[in-house]
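Participant: this is a predicted model, with the sequence first.
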Amino acid sequence: MKLSGGCQCGAVRYAVEGDPQHVALCHCNDCRKSAGAPMVSWAAFAEDEFTLEQGELTTYNSSGTALRSFCPQCGTGIAYRNAEFLPGIVDIQSATLDDPQALPPGAHIQVAERIGWMESQHELVQFARYPGQD
Ligand SMILES: [Zn+2]
Ligand SMILES: [Zn+2]
């Protein structure tokens with residue numbers, strides 16, 4: 001399976017090939033701060049299954065050996081590498097895939113650091129767009 005993805009502005013394009021080793025929603029503090037979002041979905045591929053096809057990534061060392069790579073123009077987070085804890089792996093922020101439904105998560109991870117209200121957010125009232133609109 002080959003999947004393509006990219007950042008919001010379109011400068012960065014990438015492809016992944018093969019099956020991810022795992023797909024998970026991460027609730028850790030570092031992912032939350034990095035993304036500015038309550039959690040981040042990750043799909044783990046072998047390094048040689050990832051190809052940067054267009055543009056360049058800026059890489060930031062967010063803690064220890066953790067390297068987070070993002071589009072320098074629009075800031076979209078694309079990849080995570082950690083040579084100590086995930087050798088040979090590149091984790092892709094799977095919500096940046098052109099088809100973000102392609103790789104459904106199989107687990108929630110780092111829930112020890114999850115925002116308390118995230119545990120029950122799926123129970124909230126839902127609107128297709130906004131309240132008061134069709
Ligand atoms: Zn961009
Ligand atoms: Zn995380």
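Facilitator: Perfect, I can see it now. Numbering: from 1, shown residues only. Ligands and ions are numbered 1, 2, ... in the order given.
Participant: what about residue 22, how many neighbours?
Facilitator: 14 (other C-beta atoms under 10 Å). Where C-beta positions appear, they are placed from N, C-alpha and C, glycine not excepted.
Participant: now it: closest residue in space, sequence neighbours ignored.
Facilitator: Of all residues not flanking residue 22 in the chain, residue 44 sits nearest, at 5.2 Å (C-beta to C-beta, 6 or more residues apart in numbering).
Participant: again, but for residue 31
Facilitator: residue 40 (4.2 Å).
Participant: do I have it right that that neighbour meets residue 93?
Facilitator: Yes - here residue 40 reaches residue 93: they are 6.0 Å apart, a contact under C-beta atoms under 8 Å.
Participant: which intervals of the protein have sub-threshold pLDDT?
Facilitator: 134 (pLDDT under 70).
Participant: residue boundaries of the strands in it?
Facilitator: Assigned by DSSP state E, the strands in the chain fall at 2-6, 13-17, 22-26, 40-46, 50-54, 58-63, 66-70, 77-82, 86-93, 107-109.
Participant: need those in JSON lines with distance to ligand 1, can you?
Facilitator: Listed next are these as JSON lines, based on distance: least, C-beta to the ion, whole Å:
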{"stretch": "strand 2-6", "distance to ligand 1": "7"}
{"stretch": "strand 13-17", "distance to ligand 1": "10"}
{"stretch": "strand 22-26", "distance to ligand 1": "22"}
{"stretch": "strand 40-46", "distance to ligand 1": "17"}
{"stretch": "strand 50-54", "distance to ligand 1": "10"}
{"stretch": "strand 58-63", "distance to ligand 1": "10"}
{"stretch": "strand 66-70", "distance to ligand 1": "8"}
{"stretch": "strand 77-82", "distance to ligand 1": "9"}
{"stretch": "strand 86-93", "distance to ligand 1": "12"}
{"stretch": "strand 107-109", "distance to ligand 1": "26"}
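Participant: all set, thanks.
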